[in-house]
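Student: no sequence on hand, only this structure:
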């Protein structure tokens, strides 16, 4: 599993909607910085700053092909974050099970001798 520092960087990177949108775009395939600028109302230097945060978190990498530096998604840190979140799944499931039991126990029980709202 990832170190605490790595998880902090991943969750910090994911805390920003623009960075999450960049990752969503990269799921479709690699892209250049200029291609990533297109969907956003941001300038290239701002997208580059977001990419640096994503790089530090290990979520993207940049290649080199001639004069282009395509950005690629690296999903491994996302898997580590999902694994960390998943470790709390049993806690959530237990809470939901207790809530279900409480809701069931608080349901009114039908009274004997009444049918369709009329007394027998």
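Tutor: Received, thanks. On a predicted model such as this, the values are computed, not experimentally measured, just so you know.

Student: count the residues that sit near residue 51.
Tutor: Applying other CB atoms under 10 Å, we find 19 residues neighbouring residue 51. The way it works is simple: take the backbone N, C-alpha and C, and place the C-beta from them, glycine included.

Student: doesn't it belong to a strand?
Tutor: No - under DSSP: H, G, I helix; E, B strand; the rest coil, residue 51 sits outside any strand and is assigned helix.

Student: wait, it sits on residue 22?
Tutor: Yes - with contact defined as CB atoms under 8 Å, residue 51 reaches residue 22; the gap is 7.1 Å.

Student: shared neighbours, those two?
Tutor: Residues within reach of residue 51 and of residue 22 at once, by CB atoms under 8 Å, 6 or more residues apart in numbering, are 36, 60.

Student: residue 19 and residue 12, how far apart?
Tutor: Distance, residue 19 to residue 12, using CB to CB, to the nearest Å: 9 Å.

Student: overlap of the contact sets of these two?
Tutor: The contact sets of residue 19 and residue 12 overlap at residue 53 (CB under 8 Å, 6+ apart).

Student: neighbour count: those two, which is higher?
Tutor: Neighbour count, other CB under 10 Å: between residue 19 and residue 12, residue 19 has more, with 21 against 13.

Student: could you identify the helix or strand that succeeds the strand or helix carrying that one?
Tutor: Residue 19 belongs to helix 17-26 when assigned by DSSP states H and E. Sequence order places helix 33-37 as the next helix or strand after helix 17-26, per DSSP H and E.

Student: what about the protein, any weak spots by pLDDT?
Tutor: Within the chain, the stretches with pLDDT under 70 are 1-2, 65-66, 109-120.

Student: list the buried residues in stretch 62-82.
Tutor: For stretch 62-82, the neighbour count (16 or more other CB atoms under 10 Å) marks 70-71, 73, 77-78, 80-81 as buried.
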